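> Generate coordinates for the sequence data below:
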Amino acid sequence: MDEQVMADFERARHRAFLNDLRALLRRQSNDLIPYHEVRNRLQPEGETYRGIQEVPIREIVGSEDRFRDFDRAFLPRQTHTAGRWKNIDRAFLNDIILPPIQLYKVGNVYFVKDGNHRVSVARERGAEYIDAEVIESHIRAPLYAAMTPEQMLLQVEYAEFLRKTNLDRRRPGHDIRPTALGRYDEIWEQIQQHQAFLAESSDEEIPIQQAVEDWYDHVYLPIVTVVSEREVLRRFPKRSRADLYLWIMAHRGLLAEREGRDLSPLDSALDYVDELDRDRDPVVAIREAFRLPRRFMRRLLANPEDDMPMSALTVERTPNDAAGSESGVRSSNPGPGTPDSEPRRDE
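You can find the predicted model right below:
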């Protein structure tokens, strides 16, 4: 039996090595998700003790303190895990019933509090379920085992953003999904600054929920409407409307500092897009020119009663925008005309 458990461990380690090699070649992550990375980004809205349950092993995606010792499939990476791993394997071979492991549940996935080696051996043995004592944290956005680590952490940040803003309940149709970690913190800071601006303007305290709704209606929506109407995302296919919103807010701050121009969110978006158009690569401009007749014909076919194309911009420009005199909004993203600005052509 000693020879068998030694062979089992070496085979599992070899598979972990091959998994790491494939992940490296594909530029993908093969790591377990550290539980502290989730909790640092999230304040659960409540926790519930679920008792002993049968948990699908494939939905266990991370660990509290052993995330470096095992890969994403809970295969052992380190030699120092050999003793404990082989003892668990020996118990499996002898049909010894082991105590339940302990798990944290967040969304639809689990993180190991205690029992990493038992998860590893059970998975290597082909088990689909494992007995576990579960504590569940309640959040507003679902997490799935198929997500990459970055996708999962982005979803965790989104869940925390919803807890703070209630936008999923106040504005159910919202579309605020940045593509990089840490950007929800920037947006939350801007909402707080908007709250301070409203309080100063009205000379009274403004509840955070009122500030969130006013920010969404009068700051965020005008900007992303321009982004949509002017089809800016065609130039940045890997980005989102929320990314463009942050770039435009950074552009607004730069204009205020550089030129003393305190533009409204709408005018800042229009100025940003106009600069993109002026700085566009001539080849890209020619390509876009050839696309216009095709888009025009598609619109005519979709709306045969129309005898002219839809306006490229349907948002009304109002000089006295509700947030037009707001200032001091910061973002780490550069706008057009700066050395560190995002590319202004097709990626």
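
> Do I have it right that Leu98 meets Ile88?
Yes - under the criterion of C-beta atoms under 8 Å, Leu98 makes contact with Ile88 at 7.1 Å. C-beta: built from backbone N, CA, C; applies to glycine.

> Looking at these two, which one has more neighbours?
Here Leu98 and Ile88 are compared on neighbour count by other C-beta atoms under 10 Å; more neighbours surround Ile88, at 23 against 15.

> right, and the more buried one touches Glu124 too?
No - in this structure, Ile88 is not within contact of Glu124 by C-beta under 8 Å, at 9.9 Å.

> any residues in contact with both of Leu98 and Ile88?
Arg118 (C-beta atoms under 8 Å, 6 or more residues apart in numbering).

> Glu47 touches Glu136, doesn't it?
Yes - using C-beta under 8 Å, Glu47 makes contact with Glu136 at a distance of 6.6 Å.

> Those two: which is more packed in?
When Glu47 and Glu136 are compared for neighbours, Glu136 comes out ahead with 18 against 12, by other C-beta under 10 Å.

> nearest residue to the more buried one other than its sequence neighbours?
Closest residue to Glu136 apart from its sequence neighbours, by C-beta to C-beta, 6 or more residues apart in numbering: Lys105 at 4.1 Å.

> chain center to the top helix by length along the chain: distance?
Counting residues, the longest helix in the chain under DSSP state H turns out to be helix 2-26. Centroid separation between helix 2-26 and its chain, computed with C-alpha atoms, centre = their mean, to the nearest Å, is 31 Å.

> now it: mean pLDDT?
Averaged across helix 2-26, pLDDT comes to 93.

> and it, what does it pack onto?
helix 82-93, helix 116-124 (3 or more C-beta pairs under 8 Å, 6 or more residues apart in numbering; DSSP states H and E).

> contact partners of the helix or strand just after the shortest one?
Towards the C-terminus, the helix or strand next in line after helix 116-124, according to DSSP states H and E, is strand 129-137. Contacts made with strand 129-137 from outside it, assessed by C-beta under 8 Å, 6+ apart, are listed as 42, 44, 46-57, 60, 100-106, 110, 113, 115, 118-119, 122.

> Now the next helix or strand after strand 129-137: buried residues?
Scanning forward in sequence from strand 129-137 by DSSP H and E, the next helix or strand is helix 149-165. Buried residues in helix 149-165, defined by neighbour count with 16 or more other C-beta atoms under 10 Å: 149, 152-163, 165.

> re the thing from before, mind giving me JSON lines with the helices and strands packed on helix 2-26 and columns for distance to Gln193?
Converted to JSON lines, these look like this (distance: least, C-beta to C-beta, whole Å):
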{"stretch": "helix 82-93", "distance to Gln193": "51"}
{"stretch": "helix 116-124", "distance to Gln193": "43"}
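
> With Leu276 as the reference, name the closest of those helices.
helix 116-124 (49.8 Å; C-beta to C-beta).

> What helices and strands are in contact with the closest one?
Using 3+ C-beta pairs under 8 Å, 6+ apart, helix 116-124 sits against helix 2-26, helix 82-93, strand 129-137.
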